[in-house]
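S.K.: Structure of the sequence below:
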Amino acid sequence: MVVTLVTIFILGYACIALEHPLKINKTATALLLGCLTWAVFNMFNMNNPEVLASYGGFEGYRSFVSTRLVENLGETAEIVFFLLGAMTIVTLIEDYQGFTVITDHITTTDKKKLLWVISILTFFLSALLDNMTTAIVMVALLRKLIADRKERWFFAGMVILAANAGGAWSPIGDVTTIMLWIKGQVTTVNIIVKTIIPSLVCMVVPLVILGSQLKGDIERPEEAQSGIEVAPWMRKLVLIMGVCGLIFVPVFKTITHLPPYLGMLLSLSVLWVTTEILSRKHSKEGHKLPTAVSTLEHVDVPTILFFLGILMAVSCLKVAGILGSLAMGLDSMRDITVGPHTVGFFLIDLIIGVLSSIVDNVPLVAAVQGMYPISPEGFIANHPFWEFLAYCAGTGGSLLIIGSAAGVAVMGMEKIDFIWYLKKISWLALVGYIAGAIVFIGMNLMLEPFDWWSSMV
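M.R.: All right, here's what the predicted structure looks like:
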């Protein structure tokens, strides 16, 4: 069964990567992959008497599968609804021409300068929001700044790298850092102090390389004449409410301890009510102001369904025990030493980071959390293992465009080709990933005699 599931998963990924040569939409492949893996997993087990006996018969096994399927569908739905809410809010801001308030202040047309401005803004915004939401916002901004689509792809690729790097050093910037923070493996001050410099290096190195290749000025798109007159005060109102709504999501989670998607949907509902009132009171004959209803009509549904298919396929590998076995296999490296230094746990994290570009980083990190309790036998809280895991799982997803939530969101919005990203951006992501890792490891090996992580709070 394991060989069959892994083979199906690899073939599915290959078809997604070869979307354009095969002329089969990646969403169709992802949905097929998600359904097929679960079907194969279930059929193998249903025809295995030993498996059925371990669950007390057919009914017991069926209850197990139903429970696991619903649990994983729920986890996947959280991400899907979060994405749907974020994309709707950003599209509403765009429909109300709110981003012109920002783009009017970005006056440079020099490609290199603009790349630095966009990347730095993305890096720090991602730490405040999260990498996926930030990527969606920044791509919406890029559409207002750069006319040529292929030229915009380079900037969008850098947005993915910067968003993932920015999310890795903040306790609320990425799903995996949130997981580590909630479970107590890292604390707020510690993860910021220990990972912000490696994360910054991870972004700056590719930025310098790509910036040296870009020359000349960008051509700004002409303002589309939609026929809808939006007053300046309305643009500012919707922009401020939308951005504040996005910032409110981590605050909502901290206060209520409820999943982030509920905070996102709450923010959307408030903006929805506001735009309904604006549309009713200020629309002119033949020029109706947009509302969330009109916005939802052109939200990118295929991207959302792509997420659904990929995450369900990964959840099947998790339930089948494949991801757990993979994590257990890496444990053999734990005690590897170089001279007086134990470096095995660094190697484990590095490999997990690379794997997170292929398999969703959430179940991988969850498997590792289950393996190592917070104790001297596992790893104590604020041990470098946990901070480096946050860095690797967060930034490693940039190696492939479908390796992170930010990458998938940008891929769907800009229709970036998998192979194009692999040729043009993946190697930059790898160089940045390695550079940041070297900085992190160097910092910790130099300070290891002081046992500094155990004294941080």
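
S.K.: Quick check: which ranges of this structure have low pLDDT?
M.R.: Applying pLDDT under 70 to the chain picks out residues 223-228, 285-286, 335, 337-342, 360, 363, 376-378, 447-457.

S.K.: packing partners for the helix or strand harbouring residue 244?
M.R.: In this assignment (DSSP states H and E), residue 244 forms part of helix 232-256. Other elements packing on helix 232-256 under the criterion 3 or more C-beta pairs under 8 Å, 6 or more residues apart in numbering; DSSP states H and E are helix 58-95, helix 100-103, helix 131-145, helix 260-282. No exception for glycine: its C-beta is placed from N, CA and C like everyone else's.

S.K.: outside of it, which residues touch it?
M.R.: 86, 89-90, 92-93, 96-102, 128-130, 133, 137, 172, 258-260, 262-264, 266-268, 270-271, 274-275, 278, 282, 289 (C-beta atoms under 8 Å, 6 or more residues apart in numbering).

S.K.: same question, stretch 197-208
M.R.: 115-116, 119, 123, 158, 161-162, 165-166, 168-169, 391, 394-395, 428-429, 431-433, 435-437, 439-440, 443.

S.K.: Tell me which residues of that stretch come out buried.
M.R.: 198-207 (16 or more other C-beta atoms under 10 Å).

S.K.: now, which of those residues sits nearest residue 178?
M.R.: Of all the buried residues of stretch 197-208, residue 178 sits closest to residue 199, with 15.7 Å by C-beta to C-beta.

S.K.: ok, the closest one to residue 191 distance?
M.R.: The gap separating residue 199 from residue 191 is 10 Å, by C-beta to C-beta, to the nearest Å.

S.K.: Between the two, which contacts overlap?
M.R.: residue 169.

S.K.: one step back: wait, which of the buried residues of stretch 197-208 is closest to residue 334?
M.R.: Once C-beta to C-beta is applied, the member of these that ends up nearest residue 334 is residue 198, at 21.2 Å.

S.K.: Just say helix, strand or coil for the closest one.
M.R.: helix (DSSP: H, G, I helix; E, B strand; the rest coil).

S.K.: What of the one 5 residues further on?
M.R.: When the structure is split into helix, strand and coil by three-state DSSP, residue 203 lands in helix.

S.K.: For the closest residue in space to it that isn't next to it in sequence, pull up the helix or strand it's in.
M.R.: Take residue 203 and drop its neighbours on the chain: the residue closest to it by C-beta to C-beta, 6 or more residues apart in numbering is residue 165, 4.2 Å away. Per DSSP H and E: residue 165 is located in helix 149-168.

S.K.: any idea which residue sits dead centre in this structure?
M.R.: residue 405 (2.8 Å; C-alpha atoms, centre = their mean).

S.K.: which residues touch that residue?
M.R.: Residue 405 sits in contact with 79, 83, 131-132, 135, 175, 307, 397, where contact means C-beta under 8 Å, 6+ apart.

S.K.: got it, and residue 274?
M.R.: 237-238, 241.

S.K.: Same question for residue 345.
M.R.: 333-334, 379, 384-385, 388.

S.K.: Repeat that for residue 32.
M.R.: When contacts are counted by C-beta under 8 Å, 6+ apart, residue 32 is found next to 12, 309.

S.K.: again with the one 3 residues further on
M.R.: The neighbourhood of residue 35, defined by C-beta under 8 Å, 6+ apart, consists of 309, 312.

S.K.: distance of it from residue 314?
M.R.: Distance from residue 35 to residue 314, by C-beta to C-beta: 13 Å.

S.K.: Wait, residue 294 touches residue 96, no?
M.R.: No: with contact defined as C-beta atoms under 8 Å, residue 294 and residue 96 do not form a contacting pair (11.3 Å).

S.K.: quick one, which of these two is more surrounded?
M.R.: residue 96 (26 against 15; other C-beta atoms under 10 Å).

S.K.: these two touch, right, that one and residue 230?
M.R.: Yes: using C-beta under 8 Å, residue 96 is in contact with residue 230, at 5.4 Å.

S.K.: Determine the residues that are contacts of both of the two.
M.R.: residue 289.

S.K.: buried residues in the helix holding residue 165?
M.R.: 151-168.

S.K.: Helix 131-145 and that one, what's the angle between them?
M.R.: Counting by axes from the mean of the first three to the mean of the last three C-alpha atoms, to 10 degrees, helix 149-168 points 150 degrees away from the direction of helix 131-145.

S.K.: and the helix or strand just after helix 149-168, what other elements does it pack with?
M.R.: Heading C-terminal from helix 149-168, the first helix or strand you meet, by DSSP H and E, is helix 175-183. Contacts defined by 3+ C-beta pairs under 8 Å, 6+ apart place helix 175-183 against helix 188-213, helix 361-371, helix 384-395.
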